[in-house]
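A.B. asks: mind folding the following:
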Amino acid sequence: MRSDKIKKGIERAGNRSLLYATGLSKKELNKPFIAVISSFSDIIPGHVGMRRLERFIERGVCAGGGVPFMMGVPGVCDGIAMGHEGMKYSLASREAIADMIETVVRAHAFDGMVCLTNCDKITPGMLMAIARVNIPSIVVTAGPMLSGRIGKRRLSLVRDTFEAVGRLNKGVITQHEFNQLEECACPGFGSCQGLYTANSMSCITEAIGISLPGCGSSLAVSAKKERIAFESGERVVNLTRRNVTPSSILNRKSLENGITVDMALGGSTNTILHLLALAHEAGVNIPLEKFDHISESISHIVNIRPGGEYFMEDLEFAGGIPAVQKRLRNKINDCMTVSGKLVSQIAREAKIFDEEVIRTLNKPFHPQGGITVLKGNLAPEGAVIKRTAVSSKMMRFKGRAVCFNSEEEAMKSILAGRIKKGDIIVIRYEGPKGGPGMREMLSPTSSVIGMGMGEEVALITDGRFSGGTRGPCIGHIAPEAQMGGPLAIVKDGDEISIDIPKKKLNLNVSQREIQNRFAQWVPPQPKVKKGYLARYARFVTSASRGAVFEI
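C.D. replies: Residues are numbered from 1 along each chain as shown. As a prediction, the model looks like this:
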């Protein structure tokens, strides 16, 4: 066992003495040591229910014959961090989480690991650590929350709170209605109810084989989730005894399965950043264009909010990710999973309980997958958009640039009513380096939608979007403005053309004019000059490479 290096031999007397000080017995020294990494937090709704799941994982590890060691990592709630400087830390926390897990696991020579996670950057951070440390590992995602309710009307976080800001500002709803929505949209613990980044990553984690079947969509409040937690603890000991490491599961084919399922679901654009980062840690080269290729070859068969009207609970009751895999069985690779089952077996055994929630490939919600990669003279390295959340009217759009050098500037103008029909809102210097931290622009995008301008204006940025964003919103524009990307020299009034079917994003200005503008452009000084964000800005790479660290 890997842990023998801290518990075997006379030279390890001091190590063993410290282990005995934790309450371990001599008998337990002969068992596999399993790290249970939890991101429990009292401030993240998706994580407040984790204490009970920790107990079930712990019981499962003991039942399997291992010794569980509980430890924690911090997390950021994107919704609470949204719209202010706190969002700068969200994506940056992904790298910190991966580093923390690597540090603890390798320092203590654990034999195996269970990661308990749920929300946006925490899940990919844990997956990156799993690929990096390469010891037998399983991920337990804590599950989505139930839909909110006002009478018979079902509510979700983004549409009924963030977008409600725009509706209130325009006088569409009253202050009383607004207050009701914010109190009722999130009825309890769990990740937010739509196919936002947290739930997108939970579904992908199951699809690539690192969670047990059924984990991705099983509800946070369910006993099913507790059983999965127990089985995961038990199973990881089995994997440890047989030395089944993540490198035998995380490979090109399994990652392609994750992309395929993601495109069929219409998940968050953030998944591109996270899958690129995971591929980097796994030593697999997946170019940005691969996402577009898979998206073109797969249909969008599950339509959950924000783009559709279904909720995560509907996907769960329709059969969950195994049922989606059943639909896609001729489109996905037959890979091994941590359950010991091949993907083909999981798909064969799955049942589809609702033909409308999980549609057939010949009756999809959209003929292409959820995300499209755009390129052009405004995005030489690429940009991304959730095409399945864009109306047919806005698939092609030309507009006048209205430029802002921060999210805050843009938000003030939107709420002040200064954005007009035909405008394209340009938010720059919000990329990985420029932000720093590549903030999500949910507040501006949801306000635009809430004010009824979703088919009148577009928004482009070198930042990124929440999984809850819908409408003609293009993010991840690379190279980013801070690094001299073309977004830096766009001026108010410039014509920008968006053509999603042709995958084009262009600034309609001559090449000579672009060169002249760059000759006069001076990179702005870094916004943050000390602390973690300053270090992050120094080492982070382009969004087109997953915004990973490059030393």
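
A.B. asks: hey, let's count contacts and neighbours off CA atoms from now on
C.D. replies: OK.

A.B. asks: assign a three-state SS to the closest residue to residue 120 other than its chain neighbours, would you?
C.D. replies: Closest residue to residue 120 apart from its sequence neighbours, by Cα to Cα, 6 or more residues apart in numbering: residue 198 at 4.4 Å. Here residue 198 is recorded as helix under DSSP: H, G, I helix; E, B strand; the rest coil.

A.B. asks: hmm, residue 213 and residue 316 touching each other?
C.D. replies: No: using Cα atoms under 8 Å, residue 316 is not in contact with residue 213; the gap is 11.8 Å.

A.B. asks: which of those two has more neighbours?
C.D. replies: The neighbour comparison of residue 316 against residue 213 (other Cα atoms under 10 Å) goes to residue 213, with 24 against 21.

A.B. asks: tell me the contacts of the residue nearest to the spatial centre of the chain?
C.D. replies: For the chain, residue 197 is the residue whose C-alpha lies nearest the centre (Cα atoms, centre = their mean; 3.6 Å). By Cα atoms under 8 Å, 6 or more residues apart in numbering, residue 197 lies in contact with 119, 120, 267, 268, 269, 270, 271, 466, 467, 468.

A.B. asks: pLDDT score for the fifth one?
C.D. replies: The predicted structure scores residue 269 at 95 on the pLDDT scale.

A.B. asks: verify the contact between it and residue 372 for me.
C.D. replies: No: the criterion here is Cα under 8 Å, and residue 269 misses it with residue 372 at 9.1 Å.

A.B. asks: tell me how far stretch 358-366 lies from the chain's centre.
C.D. replies: Its chain's C-alpha centre and that of stretch 358-366 lie 24 Å apart, by Cα atoms, centre = their mean, to the nearest Å.

A.B. asks: now do the strands in the stretch 1-150 of the chain.
C.D. replies: 33-38, 67-72, 112-117, 137-141, 148-150 (DSSP state E, counting those that start in this stretch).

A.B. asks: swap in the chain?
C.D. replies: 33-38, 67-72, 112-117, 137-141, 148-150, 153-155, 371-376, 379-386, 396-404, 423-427, 458-461, 473-478, 495-499, 504-507 (DSSP state E).

A.B. asks: out of the ones you listed, which one sits most buried?
C.D. replies: Among these, strand 137-141 has the highest mean neighbour count (mean count of other Cα atoms under 10 Å), at a mean of 32.

A.B. asks: got the contact list for that one?
C.D. replies: Residues outside strand 137-141 that contact it (Cα under 8 Å, 6+ apart): 112-118, 123, 127, 130, 202, 205, 210-212, 215-216, 228-229, 232, 236, 239, 245-246, 338.

A.B. asks: hmm, back to that, what's the spacing between the residue nearest to the centre of the chain and residue 226?
C.D. replies: Separation of residue 197 from residue 226 (Cα to Cα, to the nearest Å) stands at 23 Å.

A.B. asks: ditto for residue 352
C.D. replies: Residue 352 is 23 Å from residue 226, where distance means Cα to Cα.

A.B. asks: comparing the two, which residue is more hemmed in?
C.D. replies: Taking neighbours as other Cα under 10 Å, residue 352 and residue 226 compare with residue 226 leading, 23 against 19.

A.B. asks: which residues does the more buried one contact?
C.D. replies: Neighbouring residues of residue 226 by Cα under 8 Å, 6+ apart: 52, 53, 56.

A.B. asks: and the pLDDT at the second one?
C.D. replies: On pLDDT, residue 53 comes in at 98.

A.B. asks: report how many residues lie close to residue 450.
C.D. replies: Here the number of neighbours of residue 450 (other Cα under 10 Å) works out to 23.

A.B. asks: picking up where we left off before, now for the strands of the stretch 1-150 of the chain, which one comes closest to residue 292?
C.D. replies: strand 137-141 (27.0 Å; Cα to Cα).

A.B. asks: got the angle between the closest one and strand 33-38?
C.D. replies: Going by axes from the mean of the first three to the mean of the last three Cα atoms, to 10 degrees, strand 137-141 is angled at 20 degrees with respect to strand 33-38.

A.B. asks: from now on call the first residue 834
C.D. replies: All right, first residue 834 from here; so that's strand 970-974.

A.B. asks: got the angle between strand 970-974 and strand 945-950?
C.D. replies: Put simply, strand 970-974 runs at 20 degrees to strand 945-950, going by the same axes, to 10 degrees.

A.B. asks: measure stretch 1310-1320 end to end?
C.D. replies: 8 Å.

A.B. asks: if you count neighbours, what's buried in that stretch?
C.D. replies: 1310, 1311, 1312, 1313, 1314, 1315, 1316, 1318, 1319, 1320 (16 or more other Cα atoms under 10 Å).

A.B. asks: give me the contacts around stretch 1166-1185.
C.D. replies: The list of residues contacting stretch 1166-1185 from outside it, by Cα under 8 Å, 6+ apart, reads 971, 1041-1046, 1068, 1072, 1082, 1086-1087, 1089-1090, 1151-1152, 1155-1160, 1162, 1191.

A.B. asks: pull the residues that contact stretch 1234-1249.
C.D. replies: Counting by Cα under 8 Å, 6+ apart, stretch 1234-1249 makes contact with 916-917, 999, 1002, 1252, 1256-1263, 1274, 1276-1277, 1280-1281, 1323-1329, all of which sit outside it.

A.B. asks: sorry, wrong one. I was asking about stretch 918-928.
C.D. replies: 908-911, 914, 954-955, 957-958, 1268-1273, 1366, 1369, 1381-1382.

A.B. asks: and the helices in the stretch 934-1083 of the chain?
C.D. replies: Assigned by DSSP state H, counting those that start in this stretch, the stretch 934-1083 of the chain shows helices spanning 955-966, 990, 996-1003, 1008-1017, 1030-1040, 1056-1074.

A.B. asks: out of these, which is the most enclosed?
C.D. replies: The highest mean neighbour count among these, using mean count of other Cα under 10 Å, belongs to helix 1030-1040: a mean of 28.

A.B. asks: that helix - what's its average pLDDT?
C.D. replies: 97.

A.B. asks: that helix versus strand 945-950: what angle between them?
C.D. replies: Angle of helix 1030-1040 versus strand 945-950, following the same axes, to 10 degrees, is 150 degrees.

A.B. asks: kindly export helix 1030-1040 (C-alpha atoms) in PDB.
C.D. replies: Taking C-alpha atoms only, helix 1030-1040 is exported to PDB below (Å, rounded to 0.1, in the frame of the first residue of the first chain):
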ATOM      1  CA  THR A1030     -22.100  24.900 -14.100                       C
ATOM      2  CA  ALA A1031     -22.400  22.900 -10.900                       C
ATOM      3  CA  ASN A1032     -24.900  20.400 -12.300                       C
ATOM      4  CA  SER A1033     -23.300  20.300 -15.700                       C
ATOM      5  CA  MET A1034     -20.000  19.300 -14.000                       C
ATOM      6  CA  SER A1035     -21.800  16.700 -11.800                       C
ATOM      7  CA  CYS A1036     -23.300  15.100 -14.900                       C
ATOM      8  CA  ILE A1037     -20.000  15.200 -16.800                       C
ATOM      9  CA  THR A1038     -18.200  13.600 -13.800                       C
ATOM     10  CA  GLU A1039     -20.600  10.700 -13.900                       C
ATOM     11  CA  ALA A1040     -20.300  10.500 -17.700                       C
END
